[in-house]
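Student: Any chance you could fold what I've pasted below:
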Amino acid sequence: MKNRFLLYGAGIIIGILLTCIGGFAFTEDNVKAVSGVLIGCGSGLFGLSIASIISTYITDKNPAYKKRMVINEQDERHITIRNRAKAKAYDVMLLVIGVLILIYALLNTKLLVILLLVAAYLSISAVHIYYLSKYAKEM
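Tutor: Numbers count the residues shown, from 1 in each chain. All right, here's what the predicted structure looks like:
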């Protein structure tokens, strides 16, 4: 348990350092993208570490709550609900990416941006088709 808290503490420190480096070290206009990435990664790591510490603390203090959380994670009903939610999110994601491709094409955006979106759309569709055929063979 102590090792987890040390790991999360290191995550907090690294997150703060990344955020500070991104905010103060990269102030020139030509490296604003690097600054944004560092600030985003640092903030995300900081938030993840804080949430993990709180979650670990709560589950360690309440064994009944921890047991209930483990049961909920392994319960078939909850797994089915999560999988159905993922399926709906996938449907919405395909629609949103398709609309973004259309909007960017109508706005005469750089071809690279449009091609990257098309590649993402096609790779997602390819993974979908792969798992459709895989699961069809299993069932």
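Student: Would you tell me what helix or strand the nearest residue in space to M69 that is not next to it in sequence is located in?
Tutor: Nearest non-adjacent residue to M69, counting by C-beta to C-beta, 6 or more residues apart in numbering: T59, 6.7 Å away. For the C-beta atoms, the positions are set from N, CA and C on the backbone; glycine is no exception. Element membership for T59 (DSSP states H and E) is helix 32-61.
Student: Output the contacting helices and strands for that helix.
Tutor: helix 2-20, helix 63-74 (3 or more C-beta pairs under 8 Å, 6 or more residues apart in numbering; DSSP states H and E).
Student: Nearest to S43, out of those helices?
Tutor: Closest to S43 of these is helix 2-20 (C-beta to C-beta; 5.6 Å).
Student: then that closest one to PDB, C-alphas only?
Tutor: Extracted C-alpha coordinates of helix 2-20, given in PDB (Å, rounded to 0.1, in the frame of the first residue of the first chain):
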ATOM      1  CA  LYS A   2       2.800   2.400   0.800                       C
ATOM      2  CA  ASN A   3       4.400   1.800  -2.600                       C
ATOM      3  CA  ARG A   4       1.100   2.800  -4.300                       C
ATOM      4  CA  PHE A   5       1.000   6.100  -2.300                       C
ATOM      5  CA  LEU A   6       4.700   6.700  -3.300                       C
ATOM      6  CA  LEU A   7       3.800   6.100  -6.900                       C
ATOM      7  CA  TYR A   8       0.800   8.400  -6.800                       C
ATOM      8  CA  GLY A   9       2.900  11.000  -4.900                       C
ATOM      9  CA  ALA A  10       5.500  10.800  -7.700                       C
ATOM     10  CA  GLY A  11       2.700  11.200 -10.200                       C
ATOM     11  CA  ILE A  12       1.600  14.400  -8.400                       C
ATOM     12  CA  ILE A  13       5.100  15.800  -8.400                       C
ATOM     13  CA  ILE A  14       5.800  14.900 -12.000                       C
ATOM     14  CA  GLY A  15       2.400  16.400 -13.000                       C
ATOM     15  CA  ILE A  16       3.100  19.700 -11.300                       C
ATOM     16  CA  LEU A  17       6.600  19.800 -12.900                       C
ATOM     17  CA  LEU A  18       5.200  19.100 -16.400                       C
ATOM     18  CA  THR A  19       2.500  21.800 -16.000                       C
ATOM     19  CA  CYS A  20       5.100  24.300 -14.700                       C
END
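Student: Right, I'll leave it there.
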